[in-house]
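Trainee: Model the structure of this input:
(chains A and B)
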Amino acid sequence: MDNTTQVVHEIIAKIAKKDPAHMGPDLKLAEDLGMKSVSRIELAALLEDKLGVEIDNFEIRKPKTIGEVVEMVNDKL
Amino acid sequence: MHMDLMEYLAQKAKKSLSSIVFPEGEDPIIQEAAVKLAERGQARPILLGNGELMGEETKAKNNGRLPLKIIDPGASPALERYIDQYCRDRDMPQSVGKRIVSQPLCFGAMMVKSRDAGGMVAGIAHPTEDVILASELMIGFQPGIGLASSFFVMEAPGFTGGEDGRIIFADPAVNPDPDPEQLADIAVSTAHSARDLLGWEPRVAMLSFSTRGSASHALVDKVVKATQLARQKAPDLMIDGEMQADTALMESVALKKMNSESQVAGRANILIFPDLNSANIGAKLVQHLANAASYGPVIQGFARPVSDLSRGATVEDVVGASLMVAARAGI
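Mentor: Got it, this is the predicted structure:
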């Protein structure tokens, strides 16, 4: 697992209050991890803080899975 | 003759003279509305934004006799306090707290949470979802309520039912397909709003195409379940269903169709539609076919009052939305 993927997993695990070791690309943010839409604001801020990517509150609503978040971050790095 | 709704709200707002925060304070329409509210003695507006970018007239009034404040979130001494509070509440690092709380919508919502403002009016430069998310994150919901929803107050000429000819429709703007739990929350939130905003004793009808089991379908089951849940959540409220709209509104029909006694049927003043399709379509039909005035959509469910604006809001729309907030804010 590359560093970006690991950091994304840690951030999502923190917000969803889950074990980072149990994160995987196909997990759905809402259905599988119970992340509410409001958590997306915090997800964007944490990604910006840890990885230096700017994602606005509109863009951050698009990804449905952890894999799609990693892809969005990689596109911006 | 009953008093015009806006006049009623204006009088209520004048009594409490609440402070209302406008996160989009650099917008000229917001500035004009804020000046009007201050001049009319209906609120103490707080405009968020860079003071240097504010209109000359607004700045002049800010330095003068009007109870109108301009706050630049980035330069505000309250920012650190809000960041600390947010980071404590949400277990977030300071750097993330700063990124989030510095956003005007979040800063405004934090002012409301901290009682530095009585309510918030926003949405002229942001989508509704952003206003709802910032409010949910910072202010949170009323006890027992798990979602934001909305309502319209409708006034149709010649209609004498409801509450002196007025009736509330929910939820016409926020939740596309609420499940029974969510529909129950919408019913309870709307009842609270009717009490707080208009001083009504709520009589809530849970609408369906079936009255008391006259039809059998999963869509009916949803409303039956929602009615049970809403009654459990708020046993003090008059909530009844499932029932058709004519049963809810007309006593003669209620007498025929309801098989048991109801405090709501035939005299409902709040109509809870089963989904966004029916609520939105219903409201638009009444507006245009019955030439009804509609006020809203008013956002509800938060622990403190918040109003959403449409992007095309006029000065008077902003004033109206602000009165809806001011009348509920109390501080």
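Trainee: For the nearest residue to residue B:68 once chain neighbours are set aside, give its distance to chain A.
Mentor: In space, and not counting its chain neighbours, residue B:68 is closest to residue B:38: 4.4 Å by C-beta to C-beta, 6 or more residues apart in numbering or on different chains. C-beta coordinates here come from the backbone N, C-alpha and C atoms, glycine included. Counting by C-beta to the nearest C-beta, to the nearest Å, the gap between residue B:38 and chain A amounts to 30 Å.
Trainee: So what's the residue count around residue B:38?
Mentor: 20 (other C-beta atoms under 10 Å in any protein chain shown).
Trainee: And for residue B:124?
Mentor: Neighbour count for residue B:124, taken as other C-beta under 10 Å: 21.
Trainee: Pull up the per-residue confidence for it.
Mentor: With respect to pLDDT, residue B:124 scores 95.
Trainee: Check residue B:62 too.
Mentor: So residue B:62 comes in at 68 (pLDDT).
Trainee: Equivalent analysis for residue B:85, please.
Mentor: What the model reports for residue B:85 is a pLDDT of 95.
Trainee: before we move on, the earlier item: just list the residues touching the residue nearest to residue B:68, thanks.
Mentor: Counting by C-beta atoms under 8 Å, 6 or more residues apart in numbering or on different chains, residue B:38 touches B:44, B:45, B:61, B:66, B:67, B:68.
Trainee: Take the helix or strand harbouring it, keep the C-alpha atoms, and write them as PDB.
Mentor: Taking DSSP states H and E as the definition, one finds residue B:38 inside helix B:28-39. Only the C-alpha atoms of helix B:28-39 are listed here, as PDB (Å, rounded to 0.1, in the frame of the first residue of the first chain):
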ATOM      1  CA  PRO B  28     -24.900  43.600  -1.600                       C
ATOM      2  CA  ILE B  29     -28.500  42.100  -1.300                       C
ATOM      3  CA  ILE B  30     -27.600  40.700   2.200                       C
ATOM      4  CA  GLN B  31     -26.200  44.100   3.200                       C
ATOM      5  CA  GLU B  32     -29.300  45.900   2.000                       C
ATOM      6  CA  ALA B  33     -31.600  43.500   3.800                       C
ATOM      7  CA  ALA B  34     -29.500  43.800   7.000                       C
ATOM      8  CA  VAL B  35     -29.700  47.600   6.900                       C
ATOM      9  CA  LYS B  36     -33.500  47.400   6.500                       C
ATOM     10  CA  LEU B  37     -33.800  44.900   9.400                       C
ATOM     11  CA  ALA B  38     -31.700  47.200  11.600                       C
ATOM     12  CA  GLU B  39     -33.600  50.400  10.500                       C
END
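Trainee: So which bits of that helix are buried?
Mentor: By neighbour count on 16 or more other C-beta atoms under 10 Å in any protein chain shown, the buried set for helix B:28-39 is B:29, B:30, B:31, B:32, B:33, B:34, B:35, B:36, B:37, B:38.
Trainee: now the first one: how far from residue B:22?
Mentor: Counting by C-beta to C-beta, to the nearest Å, the gap from residue B:29 to residue B:22 is 10 Å.
Trainee: Moving C-terminal from the helix holding residue B:38, which element do we reach first?
Mentor: Note on helix B:28-39: by DSSP H and E, the next helix or strand toward the C-terminus is strand B:44-48.
Trainee: What is that following strand packed up against?
Mentor: Strand B:44-48 sits against strand B:19-22, helix B:28-39, strand B:69-71, helix B:104-113, with contacts defined as 3 or more C-beta pairs under 8 Å, 6 or more residues apart in numbering or on different chains; DSSP states H and E.
Trainee: Could you export the last one as CSV, CA atoms only?
Mentor: So the one you mean is helix B:104-113. Extracted C-alpha coordinates of helix B:104-113, given in CSV (Å, rounded to 0.1, in the frame of the first residue of the first chain):
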residue,chain,number,x,y,z
PRO,B,104,-17.9,31.8,6.9
LEU,B,105,-20.9,29.3,7.1
CYS,B,106,-19.2,27.3,9.8
PHE,B,107,-18.1,30.5,11.7
GLY,B,108,-21.7,31.8,11.5
ALA,B,109,-23.0,28.5,12.8
MET,B,110,-20.5,28.5,15.6
MET,B,111,-21.6,32.0,16.6
VAL,B,112,-25.2,30.6,16.9
LYS,B,113,-24.0,27.5,18.8
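Trainee: And that helix, how far out from the chain middle?
Mentor: 17 Å (C-alpha atoms, centre = their mean, to the nearest Å).
Trainee: Any chance you could list what contacts whichever helix or strand comes after that helix?
Mentor: With elements assigned by DSSP H and E, the helix or strand that comes after helix B:104-113 is strand B:119-122. Strand B:119-122 is contacted from outside by B:18, B:20-24, B:105, B:108-109, B:111-112, B:131, B:134-135, B:304-309, B:318, B:321-322, B:325-326, B:328-329, using C-beta under 8 Å, 6+ apart.
Trainee: what lines up beside strand B:119-122 in the sheet?
Mentor: strand B:19-22 (parallel), strand B:306-308 (parallel) (DSSP bridges).
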